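**Q** Give me the fold of what follows.
(2 chains)
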Amino acid sequence: MLGDKIATRDSYGNALVELGKAHDNIVVLDADLAEATKTIKFRDVFPDRHIDCGIAEANMTGIAAGMSTSGFVPFMSSFAMFAAGRAFEQVRNSIGYPHLNVKIGATHAGISVGEDGATHQCNEDIALMRTIPGMVVINPCDDVEARAAVKAAYEYVGPCYLRFGRLALPVINDEETYKFEIGKGVELKKGKDITIIATGLCVSEALEAAKLLADDGIDAQVINIHTIKPVDEDIIVAAAKTTGRIFTVEEHSVIGGLGSAVAEVLSEKCPAKLTRLGIKDVFGESGPAKELIHKYKLDAEGIYEQIKAEM
Amino acid sequence: MDKLNLMKKANEVRQGIISSVHSAKSGHPGGSLSAADIFTYLYFEEMNVNPENPEDEERDRFVLSKGHTAPGYYAALAIRGFFPTEDLTTLRHVGSVLQGHPDMKHIPGVDMSSGSLGQGLSVAVGMALAARMKGKTYRTYCLCGDGEIQEGQIWEAAMFAGHRKLDNLVVIVDNNNLQIDGTVEEVCSPYPIDEKFKAFGFHVITINGNDFDEIDRAFQEAKNTKGMPTAIIANTIKGKGVSFMENQAGWHGKAPNDEQYRQAAEELRKAGDALC
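**A** Residues are numbered from 1 along each chain as shown, chains lettered A, B, ... in the order given. Presented below is the predicted three-dimensional model:
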């Protein structure tokens, strides 16, 4: 419900259970992280359709590929670091190249992994997955969107990377009216001075930042890009024409992620001044997630400060 | 088993390998030739497949984990009737479906795209697991190279297959003892291969992989093995059937020139004639 706080990894686990009830061709694979990725929720209800592959992500990726050729729709899960990082080449060659119908549910993305530190904080997964031909890349911003994304991923035929987080996030979408469409950006707030394009965890923070900017007389448009690939070119171009000043915000490296996707669209379709906010080509570190989000200036205050400094 | 017929088919497969690699001016004849008898046995004796319906859900599956030996795989598929044998000489040409490594999206009869070494066995495990979960009786076969099993992912897959007791899965290791940089034991020894697979929970059968009697015995034994997957360690000769390619690491990934092609084709033609 609006105002509740829930981590999108929990949304993922809950959505798998709902989908599992409706479709008996869904199988869920995990690599000894079922408790953390929340696929344990699916395992509790459908133990025979939950396959724990042990700590072997490369093998899990291949097994998912093989099962998808034989009539199953596998959701394979691990932390983003291992699903997109460790198993990158398996995802590319065993899933991407044959365009198999495998869904990759990657949790613990970004620095909001928190205390585990840099080795487990994947700020590169969107960049990696985005380069694989035919791969859909989705980064939902709250519980409502995450559950809708899982359902949409199931209905889409082809490989799909779903990015989820560990940190509980406020629900900002109203389930009653919410519609999810792969590749369709969402304008959450109108504005005429600047545009903030955000994804994932940064969307709710961007909305709060827009309020702070409003107090300073800056009218910021806020757009949620849940699908990084294929990215919604129309909404980006329209924003460039409306405000002419774009900021992207993501819990991901500024190299290769949302900021790059938006830069590609702007430079080819409608050049406009762009500033990419995100993880600025550095590794993360240990600490409570919220403190890290603050330190790396991805909370409302940090986004506000960085935008003000640029204007 | 009609041994003579299989020997004739294997000879045709070898001719297909040589002509396709020669036409491509690149490719991997050595390991294709060593595994030619395995390809032949699988597609002309062992596997339940139908060229008229290559995607039949009930068909047996094959994953060529050592995907660079696609010339042998393609020749067997073509001769079995999945696509015209004339297509073999389009191997690796721009616009041909016959990619340098197997491409399931475009080549009839290919069950999985493969070629990046180490990945195929995991896929085969997924196919075998899917059969069990769906209550299907199809069997899954996976051909690996002896150099390829230096890849760690092979052992992740083997551990899983042994753990799940996938007795509908057969792994064949083409043990021709040569990889690009030398013999497998010089480069990074995988030996003892049999003991390793045993330790991972496999029933292991070691055979001469260029002898149809032994190949037949091994696959029958695999079929009768319950409660564990089977690994067939097929001792083979790299380049088998072409005198100047036999046991030469240099013929791992090199095409014959026109003169070498003529000599190889002539040898194989004579060998084929001798079977008639």
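**Q** Now do the longest helix seen in chain B: distance to the chain's middle.
**A** Looking only at chain B and at elements set by DSSP state H, the helix with the highest residue count is helix B:3-24. Centroid separation between helix B:3-24 and its chain, computed with CA atoms, centre = their mean, to the nearest Å, is 13 Å.
**Q** Same question for stretch A:92-112.
**A** The chain centroid and the centroid of stretch A:92-112 are separated by 12 Å under CA atoms, centre = their mean.
**Q** do the same with stretch A:75-85
**A** The offset between the C-alpha centroid of stretch A:75-85 and the centroid of the whole chain comes to 13 Å, using CA atoms, centre = their mean.
**Q** Same check on stretch A:62-81?
**A** Taking mean C-alpha positions (CA atoms, centre = their mean), stretch A:62-81 and its chain are 19 Å apart.
**Q** helices or strands next to whichever helix or strand comes after the longest helix of chain B in the packing?
**A** Scanning forward in sequence from helix B:3-24 by DSSP states H and E, the next helix or strand is helix B:29-34. Contact analysis of helix B:29-34 by 3 or more CB pairs under 8 Å, 6 or more residues apart in numbering or on different chains; DSSP states H and E lists helix B:3-24, helix B:70-80 as its packing neighbours. Placement of C-beta: from N, CA and C, glycine included.
**Q** possible to save these as a markdown table with mean neighbour count, mean pLDDT and distance to chain A?
**A** As requested, the helices and strands packed on helix B:29-34 are exported to a markdown table (neighbours: other CB atoms under 10 Å in any protein chain shown; pLDDT from 0 to 100; distance: least, CB to the nearest CB, whole Å):
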| stretch | mean neighbour count | mean pLDDT | distance to chain A |
| --- | --- | --- | --- |
| helix B:3-24 | 22 | 98 | 20 |
| helix B:70-80 | 27 | 98 | 14 |
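**Q** returning to that earlier point: list the helices and strands the longest helix of chain B packs on?
**A** helix B:29-34, helix B:36-41, helix B:70-80, helix B:212-223, helix B:258-274.
**Q** Pick the most buried one from the ones you listed.
**A** When neighbours are counted by mean count of other CB atoms under 10 Å in any protein chain shown, the highest per-stretch mean among the helices and strands packed on helix B:3-24 falls to helix B:29-34, a mean of 31.
**Q** Name the surrounding residues that touch that one.
**A** Counting by CB atoms under 8 Å, 6 or more residues apart in numbering or on different chains, helix B:29-34 makes contact with B:14, B:17-18, B:21, B:66, B:68-73, B:75, B:145, B:174, B:176, B:178, B:209-210, B:236-242, B:245, B:248-249, B:251-256, all of which sit outside it.
**Q** Spatially nearest residue to residue A:65 (excluding sequence neighbours)?
**A** Residue nearest to residue A:65 in three dimensions, not counting chain neighbours: residue A:94, with 4.3 Å by CB to CB, 6 or more residues apart in numbering or on different chains.
**Q** Residue A:246: helix or strand, and which one exactly?
**A** Using DSSP H and E, residue A:246 falls within strand A:245-253.
**Q** Each with direction, which strands does that strand pair with?
**A** Take DSSP bridges as the rule and strand A:245-253 pairs in its sheet with strand A:194-198 (parallel), strand A:273-279 (parallel).
**Q** most neighbours per residue, which of these?
**A** Neighbour counts averaged per stretch over those are highest for strand A:194-198, at a mean of 29; criterion: mean count of other CB under 10 Å.
**Q** Report the backbone C-alpha coordinates of that one in CSV.
**A** Backbone C-alpha positions of strand A:194-198 (Å, rounded to 0.1, in the frame of the first residue of the first chain) are rendered in CSV as follows:
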residue,chain,number,x,y,z
ILE,A,194,14.5,20.9,-15.3
THR,A,195,13.9,17.1,-15.7
ILE,A,196,15.1,14.5,-13.2
ILE,A,197,15.1,11.0,-14.8
ALA,A,198,15.5,8.4,-12.1
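**Q** List the contacts of it.
**A** A:141, A:185, A:205-206, A:209-210, A:213, A:218-225, A:236, A:239-240, A:242-243, A:245-250, A:258, A:262, A:303, A:307, A:311.
**Q** SS state for residue A:188?
**A** Here residue A:188 takes the strand state, with states given by DSSP: H, G, I helix; E, B strand; the rest coil.
**Q** List the residues that contact residue 21.
**A** Unless you meant another one, I'm taking chain A. Going by CB under 8 Å, 6+ apart, the list of residues near residue A:21 reads residue A:45.
**Q** oops, I was thinking of chain B
**A** Residues touching residue B:21, when contacts are defined by CB under 8 Å, 6+ apart, comprise B:27-29, B:32, B:71, B:91, B:255-256.
**Q** rewinding a little: adding mean pLDDT, write the strands paired with strand A:245-253 out as JSON lines.
**A** Compiled in JSON lines, the strands paired with strand A:245-253 are given as follows (pLDDT from 0 to 100):
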{"stretch": "strand A:194-198", "mean pLDDT": "98"}
{"stretch": "strand A:273-279", "mean pLDDT": "98"}
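**Q** want to throw those into TSV with distance to residue A:100?
**A** TSV is the format used below for the strands paired with strand A:245-253 (distance: least, CB to CB, whole Å):
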stretch	distance to residue A:100
strand A:194-198	31
strand A:273-279	30
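**Q** nearest to residue A:173, of the helices and strands packed on helix B:3-24?
**A** Ranking the helices and strands packed on helix B:3-24 by proximity to residue A:173 (CB to CB) places helix B:70-80 first, at 48.6 Å.
**Q** is chain A contacted by the helix or strand just after that closest one?
**A** Read in the C-terminal direction, the helix or strand following helix B:70-80 is helix B:120-134, with elements assigned using DSSP H and E. Yes - residues of helix B:120-134 are located near chain A by CB under 8 Å from any CB of the partner chain, namely B:120-131, B:133-134.
**Q** on that earlier part again, what about the strand holding residue A:246, average pLDDT?
**A** Rounded to a whole number, the mean pLDDT of strand A:245-253 is 98.
**Q** Using neighbour counts, pick out the buried residues of whatever helix or strand comes next after it.
**A** Tracing the chain past strand A:245-253, the next element assigned as helix or strand by DSSP H and E is helix A:258-269. Of the residues in helix A:258-269, those with enough neighbours to count as buried (16 or more other CB atoms under 10 Å in any protein chain shown) are A:258-263, A:265-266.
**Q** mind exporting helix A:258-269 as CSV, just the C-alpha atoms?
**A** Output of helix A:258-269 as CSV, limited to C-alpha atoms (Å, rounded to 0.1, in the frame of the first residue of the first chain):
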residue,chain,number,x,y,z
LEU,A,258,20.6,5.0,-17.1
GLY,A,259,22.8,8.1,-17.5
SER,A,260,24.5,6.6,-20.5
ALA,A,261,21.2,5.3,-22.0
VAL,A,262,19.7,8.8,-21.7
ALA,A,263,22.9,10.4,-23.0
GLU,A,264,22.8,8.2,-26.1
VAL,A,265,19.2,9.2,-26.8
LEU,A,266,19.8,12.9,-26.2
SER,A,267,23.0,13.1,-28.3
GLU,A,268,21.4,11.4,-31.3
LYS,A,269,17.8,12.7,-31.1
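**Q** Distance from it to the middle of the chain?
**A** With CA atoms, centre = their mean as the basis, the distance from the averaged C-alpha position of helix A:258-269 to the chain average is 18 Å.
**Q** In ChimeraX, how would I select the buried members of the residues of helix B:120-134 next to chain A?
**A** A single ChimeraX command suffices to select whichever of the residues of helix B:120-134 next to chain A are buried according to 16+ other CB under 10 Å:
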select /B:120,121,122,123,124,125,126,127,128,129,130,131,133
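**Q** what's the closest of the residues of helix B:120-134 next to chain A to residue A:281?
**A** Comparing every one of the residues of helix B:120-134 next to chain A with residue A:281 (CB to CB), the shortest separation belongs to residue B:122, at 33.5 Å.
**Q** Right, I'll leave it there.
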